[in-house]
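J.: how would this look folded up:
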Amino acid sequence: MRIRIVGILCCALLLVAPAGAQEEAREELPPAVEPPMVGWLPSLAELEAAGATIGEIRIQPQNIFDLTDPRENNFLYRIANAIHVVTRPELVRKTLLFKTGEKLSVRVIEESERLLRSTLQVYAVRIQVVAVHDGVVNRTVDLEVVTRDRWTLDPSASVSRTGGTNADRVALKEANLLGTGLSVGYSRSSNVDRTSNTFDVSHPHAFGPFTSASFSFADASDGKAQSFSVSRPFFALDSRYSAGASVGSIERSEAVYVSGESTGTYRHQQDYAGAFAGWSAGLVDGWTRRHTVGLTYQDSSYAKIAGESPEGELPANLTLAAPYYRFQLIEDRFRTEINFNSIGKPEDFNLGLDFTAELGRSLAVLGSTYQQWIYSTGISKGYDIGSRGQLRANVGFSGRYASSGQQQASSLGSQYFHRHDRSLTFYGSFSGSMVRNPDAPNPLSVGGDNDLRGYPLRYQSGNKSVLLNLEERAYTDWYPFRLIRVGGAVFYDGGRAWGGSNPNTANSGWLSDVGFGLRLLTDRSSAGKVLHIDVAFPLNREPGIAAVQLLVYTKLTL
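T.: Modelled structure (predicted):
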């Protein structure tokens with residue numbers, strides 16, 4: 001069973017909020033602000049067509065609950081607003097892609113809204129015209145940016161069960177400290193592999209707009225991990241440059257699974273670092289082309305643990321130090337809709353082509369174990385299928401090549417959505433993966449921990465895998481206490497993993513299951529995750545596998 005507390009206050013709200021708060025959900029946006037002028041105002045599209053220039057930009061961050069709405073005007077919601085520090089206007093302003101004096105662009109305004117929605121702090125956003133001034137030379141437009149905050153203080157405790165194994169976690173995180181955007185968190189987690197204590201801190205604008213910094217440190221029962229990075233990514237379609245650097249290390253024990261059972265562990269130490277710089281001409285005729293050069297370093301070493309390591313050879317120690325070049329091509333076909341992978345809130349996605357290719361060369365002069373070509377490529381694309389269907393597909397290849405041999409990983413996947421109506425959608429996904437000459441034994445697995453819900457954790461493993469998921473999803477208008485959105489699904493899972501150095505010894509063929517589940521989205525919280533409560537029935541059951549599997553876990557999507 002999994003229990004997530006979206007802040008101590010939110011827990012109290014769930015227990016004692018007035019019954020009248022359980023009303024139908026609607027797309028939540030900040031309230032429209034009455035413009036300071038009487039009469040009709042042109043639309044953004046009309047103003048862009050007229051060549052209008054942006055004048056004053058007014059930033060209006062709003063608290064978590066709208067106290068002008070009778071459904072949210074009660075003492076508990078007022079307490080929540082009093083405790084919460086509203087996002088500072090300057091943080092919102094740094095996320096905008098437009099400035100005073102620039103030509104108004106609907107596309108840039110919509111992209112700014114997408115960026116704001118993607119942050120941990122902002123629950124909803126509206127950018128609207130509040131005044132139009134006809135000047136001697138041109139028309140200027142005053143804009144107002146109204147945002148609604150999320151609850152960003154997240155004390156949480158969880159117990160989950162997937163694939164027949166339990167995991168627990170306690171954490172305390174503030175994703176918007178004093179309204180500044182600074183995120184600070186601590187967590188203690190325990191699962192089948194390890195128990196760890198993790199501290200992390202990050203800020204999206206630590207060294208100026210969109211220049212982020214992050215640090216993380218984890219002390220685990222089987223080792224330690226730490227990382228630090230500074231990055232200015234290509235944050236918008238029209239971004240002209242990017243740069244960044246990162247460094248980190250991981251030390252832990254890795255388990256080898258056969259037929260869902262651990263056959264032993266070995267020691268894995270990895271150190272890594274990298275730096276990059278990129279440039280682009282921006283968005284040209286609906287396409288963005290980006291170029292990046294960089295240097296990556298990775299040193300992996302493996303060792304046996306006395307009395308614990310499985311039979312057979314360990315992965316070979318490997319050091320890679322490689323300069324690389326990356327090219328990315330993006331087609332601008334972004335959309336904003338609701339009720340795909342979430343419930344009742346805007347979802348931003350791109351149906352355009354997104355192609356990335358990277359080529360590097362590990363060099364002995366830089367300390368590499370081998371001189372190899374290191375490559376990766378990925379392509380994703382979306383398609384409208386009729387008036388109600390949507391297909392999103394992706395394929396990827398990566399690996400290393402040298403005259404002495406090669407290691408290669410390939411994958412393909414697709415997701416299909418078919419809307420019956422606003423509240424019912426069929427969802428299907430297919431994924432396939434293959435690894436040739438993998439660094440670690442049996443790197444691919446299927447089981448209760450990765451969407452083959454009727455079977456134990458990592459039940460099958462190998463160097464090839466396929467997985468099919470079919471769901472009929474329901475998106476309800478029930479919005480208990482105006483905190484939790486409710487949905488559900490019935491599902492079928494099928495798949496298998498095979499091949500590799502440790503063949504599956506039992507039930508090695510195709511596996512399948514059916515089941516049903518409940519979905520709960522805490523959309524007012526910066527955690528923003530979907531709680532899944534699933535009951536699954538395995539259809540290819542061997543002795544020792546329970547006839548009914550209960551899974552309680554969280555994901556970022558429905």
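
J.: which helices and strands does the helix or strand hosting Ala213 pack with?
T.: Following DSSP states H and E, one finds Ala213 within strand 212-220. Applying 3 or more CB pairs under 8 Å, 6 or more residues apart in numbering; DSSP states H and E, one finds that strand 212-220 contacts strand 195-203, strand 223-232. Bear in mind the C-beta positions are built from the backbone N, C-alpha and C, glycine included.

J.: Partner strands of that strand, with direction?
T.: Sheet pairing of strand 212-220 (DSSP bridges) gives strand 195-203 (antiparallel), strand 223-232 (antiparallel).

J.: Buried residues, the last one. List them.
T.: I take that to be strand 223-232. Using 16 or more other CB atoms under 10 Å as the test for burial, strand 223-232 gives Gly223, Ala225, Gln226, Ser227, Ser229, Val230, Ser231, Arg232.

J.: Show me what the fourth one is bridged to.
T.: Ser227 has these beta-bridge partners by DSSP bridges: Ser216, Gly248.

J.: thought it was touching Ala245?
T.: No. Ser227 is not in contact with Ala245 according to CB atoms under 8 Å; the separation is 11.5 Å.

J.: quick one: low-confidence parts of the chain?
T.: Applying pLDDT under 70 to the chain flags the ranges 1-39, 136-137, 160-164, 257-261, 311-313, 527.

J.: Would you mind finding the longest strand in it?
T.: For the chain, the longest strand by residue count, based on DSSP state E, is strand 261-284.

J.: Please save the CA atoms from that strand in CSV.
T.: Below are the C-alpha coordinates for strand 261-284, written out as CSV (Å, rounded to 0.1, in the frame of the first residue of the first chain):
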residue,chain,number,x,y,z
GLU,A,261,15.5,-14.1,-8.3
SER,A,262,18.8,-12.4,-7.5
THR,A,263,21.8,-14.7,-8.1
GLY,A,264,24.2,-12.5,-6.4
THR,A,265,25.8,-9.0,-6.6
TYR,A,266,29.0,-7.4,-7.8
ARG,A,267,30.7,-4.1,-7.0
HIS,A,268,30.4,-1.2,-9.5
GLN,A,269,32.3,2.1,-9.3
GLN,A,270,31.7,4.8,-11.9
ASP,A,271,33.1,8.3,-12.2
TYR,A,272,31.9,10.7,-14.9
ALA,A,273,32.3,14.3,-16.1
GLY,A,274,31.4,16.3,-19.1
ALA,A,275,31.3,19.8,-20.7
PHE,A,276,29.5,21.1,-23.8
ALA,A,277,28.7,24.2,-25.8
GLY,A,278,26.1,24.6,-28.5
TRP,A,279,24.8,27.1,-31.1
SER,A,280,21.8,27.6,-33.3
ALA,A,281,20.3,30.0,-35.8
GLY,A,282,17.0,29.7,-33.9
LEU,A,283,13.6,28.9,-35.3
VAL,A,284,13.6,29.3,-39.1
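
J.: so it versus strand 223-232, what angle?
T.: Counting by axes from the mean of the first three to the mean of the last three CA atoms, to 10 degrees, strand 261-284 lies at 10 degrees to strand 223-232.

J.: In strand 261-284, which residues are buried?
T.: So, applying 16+ other CB under 10 Å, buried residues of strand 261-284: 263-268, 270, 272-274, 276, 278, 280, 283.

J.: From the chain's centroid, how far away is that strand?
T.: 17 Å (CA atoms, centre = their mean, to the nearest Å).

J.: swap in stretch 191-202?
T.: Distance, centroid of stretch 191-202 to centroid of chain: 18 Å (CA atoms, centre = their mean).

J.: Stretch 133-142 now?
T.: Computed by CA atoms, centre = their mean, the chain-centroid distance of stretch 133-142 equals 41 Å.

J.: buried residues in that stretch?
T.: Applying 16+ other CB under 10 Å to stretch 133-142 flags Arg139, Thr140, Val141, Asp142 as buried.

J.: Any chance of CSV for these, columns secondary structure and distance to Phe417?
T.: Below are these laid out as CSV (DSSP: H, G, I helix; E, B strand; the rest coil; distance: CB to CB, whole Å):
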residue, secondary structure, distance to Phe417
Arg139, strand, 41
Thr140, strand, 42
Val141, strand, 36
Asp142, strand, 39
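
J.: Tell me which two of these sit farthest apart.
T.: Arg139 and Asp142 (11.1 Å; CB to CB).

J.: tell me, what's touching the two both at once?
T.: With contacts taken as CB atoms under 8 Å, 6 or more residues apart in numbering, the residues that reach both Arg139 and Asp142 are Val132, His133.

J.: I'd like the buried residues of stretch 133-142 as TSV, with distance to Pro443 appended.
T.: Formatted as TSV, the buried residues of stretch 133-142 follow (distance: CB to CB, whole Å):
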residue	distance to Pro443
Arg139	60
Thr140	58
Val141	55
Asp142	56
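
J.: Which member of the residues you listed is positioned nearest Asp168?
T.: Closest to Asp168, out of all of those and judged by CB to CB, is Asp142, at 51.6 Å.

J.: The closest one: what's it in contact with?
T.: Gly55, Glu56, Ile57, Arg58, Val129, Val130, Ala131, Val132, His133.

J.: Now list the buried members of the residues you listed.
T.: Gly55, Ile57, Val129, Val130, Ala131, Val132.

J.: my guess is the third one contacts Glu46, does it?
T.: No. In terms of CB under 8 Å, Val129 does not count as a neighbour of Glu46; the distance is 9.6 Å.

J.: between these two, what contacts are shared?
T.: Shared contacts of Val129 and Glu46, defined by CB under 8 Å, 6+ apart, are absent.

J.: CA atoms of whatever helix or strand Glu144 lives in as CSV?
T.: Using DSSP H and E, the element containing Glu144 is strand 139-149. Taking Å, rounded to 0.1, in the frame of the first residue of the first chain, the C-alpha atoms of strand 139-149 are listed here in CSV:
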residue,chain,number,x,y,z
ARG,A,139,0.5,50.2,-31.6
THR,A,140,1.7,49.0,-28.2
VAL,A,141,0.1,46.4,-26.1
ASP,A,142,0.3,46.0,-22.3
LEU,A,143,0.3,42.3,-21.2
GLU,A,144,-0.5,40.7,-17.9
VAL,A,145,1.0,37.4,-16.8
VAL,A,146,-1.2,35.8,-14.2
THR,A,147,0.0,32.5,-12.6
ARG,A,148,-1.4,30.2,-9.9
ASP,A,149,1.1,28.6,-7.6
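
J.: and the gap between Thr425 and Val170?
T.: Here Thr425 is placed at a distance of 35 Å from Val170 (CB to CB, to the nearest Å).

J.: Many thanks, we can stop here.
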